[in-house]
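>>> how would this look folded up:
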Amino acid sequence: MTTRFQRCRRRCTLLLCRKRWRRDLKPGVEMPAQLAAVPIDDGRCFACGPQNTAGLQLCFDYPDDRHAHACIRLAPRFQGWKEIAHGGIAMALLDEGMAHAAAAAGYRGVTAKLDVRFRAPVPLEREVEIFGEVVWIRRNVLAVRAEVREEAEVLVEAEGYFVAKGRVTDVVDFRSNRGEE
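You can find the predicted model right below:
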């Protein structure tokens, strides 16, 4: 059982965090140089990190400045039900597609909201494609969407919002998002 003091302290901490979060995201405020220079992908990301042997190791290409595309053949270790990818893996594919679309538009961000619709099972050991796109950008919020397809069939789709945490301005960021060294 929590005491009145603990509840009050927790509430105050949450309010301080919210205020700090809002202050950090005001439009026109530049990020500190030490934060702006941190690359978004250090190679260990579960979804796209080439150094993460347990991960998906996605490699995205960028047809234009608002779209991202990748292909993958999921290994059996990502299985949920027999011969079907786990739902969490399917959601990770969508989230990463949206994140890379945001990066193609020049933004670093975090997922604020993700609405997923599962239309058909995502198969294992067959090639599927991930498409991500930025729908609109307002201040520090990006509306994004993504699809996982097998040939022309949409298997899973998602819409969501990303909150921008900065711009991809560093050469290291640009190259890591483009799959270059």
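>>> please report how far residue 154 lies from residue 97.
Computed as Cβ to Cβ, to the nearest Å, the residue 154 to residue 97 distance reads 13 Å. (Glycine included, C-beta is placed from N, CA and C.)
>>> mutual contacts of the two, please.
Residues within reach of residue 154 and of residue 97 at once, by Cβ atoms under 8 Å, 6 or more residues apart in numbering, are 147-148.
>>> more crowded one of those two?
Remark: of residue 154 and residue 97, residue 97 carries more neighbours, 28 against 13, as counted by other Cβ atoms under 10 Å.
>>> SS state for that one?
When classified by DSSP: H, G, I helix; E, B strand; the rest coil, residue 97 comes out as helix.
>>> show me the contacts for the closest residue to it other than its chain neighbours.
Nearest residue to residue 97 in three dimensions, chain neighbours excluded: residue 132, at 3.2 Å (Cβ to Cβ, 6 or more residues apart in numbering). Neighbouring residues of residue 132 by Cβ under 8 Å, 6+ apart: 67-69, 94, 96-101, 144-146.
>>> got a winner among the residues you listed for most neighbours?
residue 144 (32 neighbours).
>>> my read is that one is in a strand, agree?
Yes. Remark: residue 144 belongs to a strand, assigned using three-state DSSP.
>>> still on that earlier bit, from the contacts of residue 132, pick the one nearest residue 108.
residue 99 (8.9 Å; Cβ to Cβ).
>>> mind listing what that closest one touches?
109, 111, 132, 162.
>>> ok, for the first one, nearest residue in space, not its chain neighbours?
Think residue 109. Closest to residue 109 by Cβ to Cβ, 6+ apart is residue 162, at 3.7 Å.
>>> could I get the pLDDT score of that neighbour?
On pLDDT, residue 162 comes in at 95.
>>> so it is in contact with residue 110, correct?
Yes. Using Cβ atoms under 8 Å, residue 162 is in contact with residue 110, at 6.6 Å.
>>> between those two, which is the more surrounded one?
Between residue 162 and residue 110, counting by other Cβ under 10 Å, residue 162 is the more crowded of the two (27 against 10).
>>> tell me the buried residues in the lengthiest strand in the chain?
Using DSSP state E, we find that the single longest strand of the chain is strand 153-167. By 16 or more other Cβ atoms under 10 Å, the buried positions in strand 153-167 come out as 155-164, 166.
>>> okay, now the unreliable bits of the protein?
1-41, 169-181 (pLDDT under 70).
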